[in-house]
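Undergrad: Only the shape, not the letters, is given here:
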């Protein structure tokens, strides 16, 4: 979560609290984030960089608040910082923290608190902006990053496009959105539908919807499917981390590229057809030659355009899929 | 909902309130329910049959409380009846009704209020009882009924079996369970897993898990998938209402039998393989000859055993799938 907000957030990260790396800069520890924010050991030290908010920069499975974060959150509220959290555990429901926020006139923003959502109505099928959803081989493989990078590339080409946030990190980055994984199951597709309706009000041409989970993820697949139907995509971009061979945390092997494409396209075919038009490959943990080989292999196995949109930038993949988008009627620009 | 509880509930329905049919009996209006309960126009009339509870006998999409039910619910609470509701709208959260319940020492049982559920852990994969899940072409085609009828047939053969309720009607019937559609998306598969763990404590041999929704239902499919992965079935029974050609309420045509089987088995194959071993066909709206033709057609198109377990009873279908269950290692008895 911290990485995503440092790299893509609209707010500036002035300091990072992490005792294990205190004294270094973000760039020294994680060069790809390209941030010179200092890393400090405590909130007290961070205060001299004049923050206005404390972001709880983690997104653990299950979403409980780790005990060791409690003292710093309390301290931040006393210092009148806004506290921003993407945990499932709602900090506003925590009696101690909520009382501190009231007492010190500070604010807790629980990113994951969903609005009341209606049932899916079918209104998303009438959205005129074209909708591209990222779908993955697993959770946390780079779907949000791919959507953000491709959105940036499309805007650079003059397309009126927006990123549509569907999880707590995307919401922290973009300042709006709904954490679909927090919505009551019956209304998850309806909440996704509301997001593309809102997206169309923000950008006329093209919506890049952040995907979630993976279709064979034993815990998160329902959220994946809520987005696949609820956001009513016209096209899909497949995202995979080449270092991953099984669903993280479960003894479930990942599907092959072709099986993933067949599964996602097969489900969409029954409701609103959407082809996979390209692959965004995450080769973060690879040497350059290995990364190039993995990209070549994905292209060969699928016949689709494929790039690592972080390593190589998003322009090449966007250029490769844009004609396909036009061809399949996906984009009117 | 009323039909399900009248037919299968462990509690006796002493009267039905329905002004449109007042003065007749349930059997006169709906012969297949085989109930002689009287239908009356008001709660006051119903009171002479000495009810102990008022069941809100509807399950509308979206689950809001219809205004015209409010007065009767308030009256029931004043009369110290328990009020049982499967709506999404939690009656315990309704200030007026909750106050009445407190004042008159009566109780509101919101069937859909889910327990706190953990993430799916994989513990369901180790359940030794065999697990059979009903899956459907759409919502409300008869999955609960098929699970209940097949459970009854297996018990008649001496199998230690239980029905595992996953929706508000099943919960009202069996007195336990979780409405998976009410669980926060991230935890829906985890809640389904908890149900089969509880099911195994209740019956050693065989769990008949009530399915929900349909895999191409644009609103409810996430719940379907949460059960498909979370309840970790060893085998599936496909359920379809032959009078249905599209998803109820949506312009989405139903999949063919073969496409449904391919889709459900394909998704399971990626996580825990489960074959479709039989078809429970709902021919309620058909003349006998038409019903027989539809059953024959389903058998021919799929090569699977197929019956209407209400029209013809569950024993034939159970007898047909039991050897298959043994053959695929699904049942140790």
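TA: That came through, no problem. Small disclaimer: the values here were computed from a predicted structure and weren't measured.
Undergrad: ok and the residue in the stretch 1-150 of chain A nearest chain B?
TA: The shortest separation between the stretch 1-150 of chain A and chain B is 4.0 Å, found at residue A:120 (distances taken as CB to the nearest CB). For the C-beta atoms, the positions are set from N, CA and C on the backbone; glycine is no exception.
Undergrad: so that residue makes contact with residue A:231?
TA: No. In terms of CB atoms under 8 Å, residue A:120 does not count as a neighbour of residue A:231; the distance is 10.1 Å.
Undergrad: between these two, what contacts are shared?
TA: A shared contact of residue A:120 and residue A:231, defined by CB atoms under 8 Å, 6 or more residues apart in numbering or on different chains, is any residue touching both; here these are A:192, A:193.
Undergrad: Please list the residues of chain A that sit near chain B.
TA: Counting by CB under 8 Å from any CB of the partner chain, chain A comes close to chain B at A:61-63, A:88, A:118-120, A:122, A:180-186, A:188-190, A:215-216, A:218-223, A:225-226, A:229-230, A:250-252, A:255, A:259, A:263, A:266-267, A:270-271.
Undergrad: Which of the residues you listed are buried, as a ChimeraX select command?
TA: To isolate the buried members of the residues of chain A next to chain B in ChimeraX, using 16 or more other CB atoms under 10 Å in any protein chain shown:
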select /A:63,88,119,120,122,180,181,182,183,184,185,186,188,189,190,215,216,218,219,220,221,222,223,225,226,229,230,250,252,255,259,263,267,270,271
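Undergrad: Strands - which of the residues of chain A next to chain B land there?
TA: Using DSSP state E to define strands, no part of the residues of chain A next to chain B is located there.
Undergrad: Count the residues that sit near residue A:242.
TA: Per other CB atoms under 10 Å in any protein chain shown, the neighbour tally for residue A:242 reads 21.
Undergrad: what's the helix or strand for the residue nearest to the spatial centre of chain A?
TA: For chain A, the residue whose C-alpha lies nearest the mean C-alpha position (CA atoms, centre = their mean) is residue A:144; its distance is 3.1 Å. Here residue A:144 sits within helix A:143-156, counting by DSSP states H and E.
Undergrad: Counting by contacts, list what the helix or strand just after that helix packs against.
TA: Sequence-wise, the next helix or strand beyond helix A:143-156 is strand A:161-164, with elements assigned using DSSP H and E. Identification of packing neighbours for strand A:161-164 by 3 or more CB pairs under 8 Å, 6 or more residues apart in numbering or on different chains; DSSP states H and E yields helix A:143-156, helix A:168-174, helix A:185-202, strand A:206-209.
Undergrad: Just checking: what are the partner strands of the last one?
TA: In other words, strand A:206-209. In the sheet containing strand A:206-209, the strands it pairs with under DSSP bridges are strand A:130-136 (parallel), strand A:161-164 (parallel).
Undergrad: Export the ones you listed to JSON lines and append columns for mean neighbour count and mean pLDDT.
TA: JSON lines is the format used below for the strands paired with strand A:206-209 (neighbours: other CB atoms under 10 Å in any protein chain shown; pLDDT from 0 to 100):
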{"stretch": "strand A:130-136", "mean neighbour count": "27", "mean pLDDT": "97"}
{"stretch": "strand A:161-164", "mean neighbour count": "26", "mean pLDDT": "97"}
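Undergrad: For residue A:292, which of the ones you listed is the nearest?
TA: Shortest distance between residue A:292 and the strands paired with strand A:206-209, using CB to CB, is found for strand A:130-136: 21.5 Å.
Undergrad: how far off helix A:143-156 does that closest one point, in degrees?
TA: Counting by axes from the mean of the first three to the mean of the last three CA atoms, to 10 degrees, strand A:130-136 points 150 degrees away from the direction of helix A:143-156.
Undergrad: where's strand A:130-136 relative to the chain centroid, distance-wise?
TA: Centroid separation between strand A:130-136 and its chain, computed with CA atoms, centre = their mean, to the nearest Å, is 12 Å.
Undergrad: try stretch A:2-20
TA: With CA atoms, centre = their mean as the basis, stretch A:2-20 stands 15 Å off its chain's centre.
Undergrad: In contact with residue A:238: list those residues for me.
TA: When contacts are counted by CB under 8 Å, 6+ apart, residue A:238 is found next to A:134-137, A:257, A:260-261, A:264, A:276, A:278-280, A:304.
Undergrad: how much space between it and residue A:211?
TA: For residue A:238, the distance to residue A:211 under the criterion CB to CB, to the nearest Å works out to 9 Å.
Undergrad: same check, this time on residue A:161
TA: Taken as CB to CB, the span from residue A:161 to residue A:211 is 16 Å.
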